[in-house]
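Novice: heads up, no residue letters with this:
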């Protein structure tokens, strides 16, 4: 109410709109609304022009398609977090649910993520490729959380693709499954990681998912490992044109996305108000978000190591 009177009302007086609709994330009772109405009269015409948290949540429930598209509206909810927790794909225990909520709050949805989601909707499988630290696994996990919310069960591959085939083969036709194979070509160097005929079994599962309405397949790998695999495994190379690739690229991290990512990580770090103020006053954030070596992982590591490294604090 104080902000409305001191900051918002003068702006509205200058604009003089025919109608002004106020929304706030605060919970509002009838008395709260009346006070806000009085403060914004005559621009707020009726109490229906004031939306509190309850009204906003009701609008979201009434418009599920909007909620589905805007992941930040539902990803941090307790129900979804517990679905993720019990799916066993994040390796978090129960007491780390709040930590997961914070990680989700740092994430900025970008074009690369939406490309992967579109491929999954169309072809039912997607290989997310990119350089180390670009955010492949984060994007994949967000896709899994999305499908958990849609009623899918996650099958996480830790050894080879036969693990997934065993579950798929023993599931009934109505079961909704999303198979997750992180770093399916290894993590650092290409060393013929795939087992005997596993490349063919991978392609078979992709084809199975393509014609299945209830099965999805999400894989991640580093771009240079994928290029080497196409040359080493004939079946993969022969079907390269049919593989649904979604590259997470540096170009997906435009300046606005970079700025939001940096702001999110700083918000949940312990750098302190003094440092934040200096970043703003000196416009040092511009150098960070335009740096040629900008990567989400680098930003995350700098913010996480701030307290542990006095040298960073002094600089």
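Specialist: Structure's in. What do you need? The model shown is predicted, which means the values in this text are computed figures rather than measured ones.

Novice: Which helix or strand contains residue 219?
Specialist: Assessed by DSSP states H and E, residue 219 sits inside strand 215-222.

Novice: what helices or strands is that strand leaning on?
Specialist: On a contact count with 3 or more Cβ pairs under 8 Å, 6 or more residues apart in numbering; DSSP states H and E, strand 215-222 meets helix 111-123, strand 125-130, helix 136-149, strand 177-181, helix 198-211. For every residue, glycine as well, the C-beta is placed using N, CA and C.

Novice: Tell me which helix or strand comes right after it.
Specialist: Past strand 215-222, further along toward the C-terminus, the next helix or strand under DSSP H and E is helix 223-232.

Novice: so after that next one, what's the next helix or strand?
Specialist: In the C-terminal direction, the helix or strand that comes right after helix 223-232 (DSSP H and E) is helix 234-238.

Novice: Can you tell me how far residue 117 is from residue 265?
Specialist: Residue 117 sits 23 Å away from residue 265, taking Cβ to Cβ, to the nearest Å as the criterion.

Novice: How about residue 295?
Specialist: 12 Å.

Novice: Report how far apart the opening and closing residues of stretch 179-197 are.
Specialist: In stretch 179-197, first residue to last residue: 19 Å (Cα to Cα, to the nearest Å).

Novice: meant to ask about stretch 240-248, not that
Specialist: With Cα to Cα as the measure, the ends of stretch 240-248 fall 18 Å from one another.

Novice: oh, and call the first residue 535 from now on, that's how I've got it
Specialist: Got it, the first residue is 535 from now on, which makes the last one we talked about stretch 774-782.

Novice: any idea of the mean pLDDT in that stretch?
Specialist: For stretch 774-782, mean pLDDT rounds to 70.

Novice: got any ranges where the stretch 735-849 of the chain has weak pLDDT?
Specialist: 778-781, 839-849 (pLDDT under 70).

Novice: run the last query once more with 50
Specialist: Counting by pLDDT under 50, the stretch 735-849 of the chain has low-confidence residues at 841-842.

Novice: any idea how far the residue nearest the centre of the chain lies from residue 536?
Specialist: The C-alpha lying nearest the average C-alpha coordinate of the chain belongs to residue 676 (Cα atoms, centre = their mean; 4.6 Å). Note on residue 676: its distance to residue 536, by Cβ to Cβ, is 37 Å.

Novice: for residue 640, same thing?
Specialist: Relative to residue 536, residue 640 is positioned 30 Å away (criterion: Cβ to Cβ).

Novice: Show me which of the two is the more surrounded one.
Specialist: The residue with the greater number of neighbours, taking residue 640 and residue 536 and applying other Cβ atoms under 10 Å, is residue 640; the counts read 21 against 7.

Novice: Surely that one is in contact with residue 795?
Specialist: Yes: distance between residue 640 and residue 795: 7.4 Å, which falls inside the contact criterion (Cβ atoms under 8 Å).

Novice: what about residue 554, neighbour count?
Specialist: If you count neighbours by other Cβ under 10 Å, residue 554 ends up with 18.

Novice: I misspoke; the intended subject was residue 546.
Specialist: Close neighbours of residue 546, defined as other Cβ under 10 Å, add up to 15.

Novice: ok, now residue 804?
Specialist: Residues lying near residue 804 (other Cβ under 10 Å) number 12.

Novice: For it, give its distance to residue 736.
Specialist: 43 Å.

Novice: Tell me where the stretch 535-684 of the chain has strands.
Specialist: Under the criterion DSSP state E, counting those that start in this stretch, strands of the stretch 535-684 of the chain are mapped to 556-557, 584-585, 659-664.

Novice: right, and those - which one's nearest residue 542?
Specialist: Using Cβ to Cβ as the criterion, the shortest distance between residue 542 and those is 7.9 Å, found for strand 556-557.
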